[in-house]
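> After the sequence you'll find the predicted model.
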Amino acid sequence: MSQFFEHHVFFCCNKRAAPDASCENHGASELQAYAKDRIRELGLAGKGSIRINKAGCLGRCDDGPVLVVYPEGVWYTFVDREDIDEIITEHLQHGRVVERLKR
């Protein structure tokens with residue numbers, strides 16, 4: 001059976017009370033929404049292509065904010081839209097892991 005999505009991207013959007021580390025405290029939901037919109041703008045959303053999702057705690061808040069790309073299982077950290085754009089262009093469009101953001 002083939003995959004439903006070529007890539008499935010999960011953004012940790014878990015929020016913990018300060019001072020505990022959490023991805024949401026670093027703007028994860030805002031950047032997840034940006035990634036979802038950007039994928040749509042590029043015509044890459046939907047069946048057979050790319051799906052961007054929010055996730056609860058992925059257990060790596062100390063590395064946060066984090067996202068994971070499946071089916072490869074590649075974990076990334078990010079800080080801004082430029083990082084998200086690089087992950088989209090390099091990994092999701094061209095299949096090249098972004099080593100500087102990999103966790």
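Yep, it's here.
> Please list all residues in contact with Ile39.
Ala45, Ile50, Ile52, Ile88, Leu92 (C-beta atoms under 8 Å, 6 or more residues apart in numbering). Quick note: C-beta positions are derived from backbone N, CA and C, even for glycine.
> before we move on, what about Asp83?
By C-beta under 8 Å, 6+ apart, Asp83 lies in contact with Tyr76, Leu101.
> Any idea which residue is closest to the centre of this structure?
Leu67 (3.8 Å; C-alpha atoms, centre = their mean).
> hang on, the earlier thing: among the contacts of Ile39, pick out the one closest to Phe4, please.
Of all the contacts of Ile39, Phe4 sits closest to Ile50, with 11.1 Å by C-beta to C-beta.
> Could you double-check that that closest one sits in contact with Leu44?
Yes - with contacts counted by C-beta atoms under 8 Å, Ile50 reaches Leu44, the gap being 4.8 Å.
> now the protein, which segments are flagged as low pLDDT?
Low-confidence segments of the chain, defined by pLDDT under 70: 1-2, 19.
> still on that earlier bit, wait, a strand at the residue nearest to the centre of the chain?
Yes - membership of Leu67 in a strand is supported by DSSP: H, G, I helix; E, B strand; the rest coil.
> ok, and the closest non-adjacent residue to it?
Excluding its sequence neighbours, the residue lying closest to Leu67 (C-beta to C-beta, 6 or more residues apart in numbering) is Phe11, at 4.6 Å.
> my guess is the one you found contacts Leu31, does it?
Yes - here Phe11 reaches Leu31: they are 7.0 Å apart, a contact under C-beta under 8 Å.
> Show me whatever sits in contact with both of the two.
Pro65.
> who has more neighbours, those two?
Phe11 (26 against 21; other C-beta atoms under 10 Å).
> give me the element that one is part of.
Secondary structure from DSSP states H and E places Phe11 in strand 7-12.
> in the helix or strand just after that strand, what's buried?
Moving toward the C-terminus from strand 7-12, the next helix or strand (DSSP H and E) is helix 28-41. Neighbour-count burial for helix 28-41 flags Ala28, Ser29, Leu31, Gln32, Tyr34, Ala35, Lys36, Arg38, Ile39 (criterion: 16 or more other C-beta atoms under 10 Å).
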